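Asks: just coords:
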């Protein structure tokens, strides 16, 4: 198990290295000059442009620029924002905390609820609840997350109900102080990530319920509740952990559209603002952070899958 974790960790770091190359190359290919963006058109005379390019190391070869940026990233120094001159780490610190809070609240609500719905659908196989949940998950899986958010705003914020605020109006440092403003973003993300978890939990639970050891437990006269929660559910969670990891990894990138839609002050909104302002250090930092979260979540899912699935533990030896 430790060998497999180290193996996945190595490939995770390799993935981040490749992502850093792609991100750096893509931002360098953008048709914009960071020095020109800082000085503006009126103040950007050739002498000042040359001096600022030298200060930002833009006059060096791309290989040296990449090495300088990567060396800073290794010590969590993402450079200086081109808008305002603030260090990127200080700029993104409160935004990262806000986005992680939004993702954590969504995960804590969506994962257990989706697994419970999937397990209940498996126990009610080919009945009304099973058919209804299957149809609902198919429809929701095909709808983009921003469309779900717009529908939530129309139904719960700007329509006749007007139960919730349409946008987030608080600061990035006091996210939990405004729980009513979190409902729509969390609800939107939870609905967006739940369908694959529900479907996988249903399929995994049906497979486990039809297995020989579950049938043997029933033949021994164990109560149905004991059979389900002690023998069936723990073995059904293993495959679902991978899907949950993929969905939580998607959250790291999916929050971009949702934060922009609800005016939530997280890394998604920071990325949109940086793209609009051609703020390359912020774009590079946010993109790399999203990739790092995705790799970390998948590594955790591998560990959970090994711990929850005896078949996986045996096959990994």
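Replies: Good, I have the coordinates. Please read all numbers here as calculations on a predicted model, not as lab measurements.
Asks: From here on, just use CA atoms for contacts and neighbour counts.
Replies: Noted.
Asks: packing partners for the one helix or strand residue 106 maps to?
Replies: Using DSSP states H and E, residue 106 sits in helix 88-123. Identification of packing neighbours for helix 88-123 by 3 or more CA pairs under 8 Å, 6 or more residues apart in numbering; DSSP states H and E yields helix 128-142, helix 179-209, helix 233-262, helix 267-277, helix 280-308.
Asks: and the fourth one, how far out from the chain's middle?
Replies: Read it as helix 267-277. Taking CA atoms, centre = their mean, to the nearest Å, one finds the center of helix 267-277 at 16 Å from the center of the full chain.
Asks: ok and it relative to helix 233-262, angle-wise?
Replies: Using axes from the mean of the first three to the mean of the last three CA atoms, to 10 degrees, the inter-axis angle of helix 267-277 relative to helix 233-262 is 40 degrees.
Asks: quick one: contacts of helix 267-277?
Replies: With contact meaning CA atoms under 8 Å, 6 or more residues apart in numbering, helix 267-277 is reached by 37, 83, 92, 95-96, 99, 253, 255-260, 263, 280, 282-283, 286.
Asks: Averaged pLDDT, it. What do you get?
Replies: Taken as a whole, helix 267-277 has an average pLDDT of 84.
Asks: now do the second one
Replies: When pLDDT is averaged along helix 179-209, the result is 89.
Asks: next SSE after it?
Replies: helix 212-219.
Asks: Okay, buried residues for that next one please.
Replies: 214, 217 (16 or more other CA atoms under 10 Å).
Asks: With stretch 88-102 instead?
Replies: Along stretch 88-102, these residues count as buried under the neighbour rule (16+ other CA under 10 Å): 88-89, 91-92, 94-102.
Asks: ok, back up a step: could you check how far the helix holding residue 106 is from the centre of its chain?
Replies: Chain-centre distance of helix 88-123: 8 Å, with CA atoms, centre = their mean.
Asks: and the angle from that helix to helix 179-209?
Replies: Going by the same axes, to 10 degrees, helix 88-123 makes 50 degrees with helix 179-209.
Asks: residues in contact with the nearest residue to residue 162 once chain neighbours are set aside?
Replies: Leaving out its chain neighbours, the residue that sits closest to residue 162 by CA to CA, 6 or more residues apart in numbering is residue 156, at 5.3 Å. Counting by CA under 8 Å, 6+ apart, residue 156 makes contact with 162, 163, 164.
Asks: and the one helix or strand residue 11 maps to, how far from the chain's centre?
Replies: Residue 11 is located in helix 2-28, with elements delineated by DSSP H and E. Relative to the chain's own centre, helix 2-28 is displaced by 17 Å; criterion: CA atoms, centre = their mean.
Asks: For the contacts of helix 267-277, which ChimeraX command selects only the ones that are buried?
Replies: Here is the ChimeraX command that selects only those of the contacts of helix 267-277 that count as buried (16+ other CA under 10 Å):
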select :83,92,95,96,99,253,255,256,257,258,259,260,263,280,282,283,286
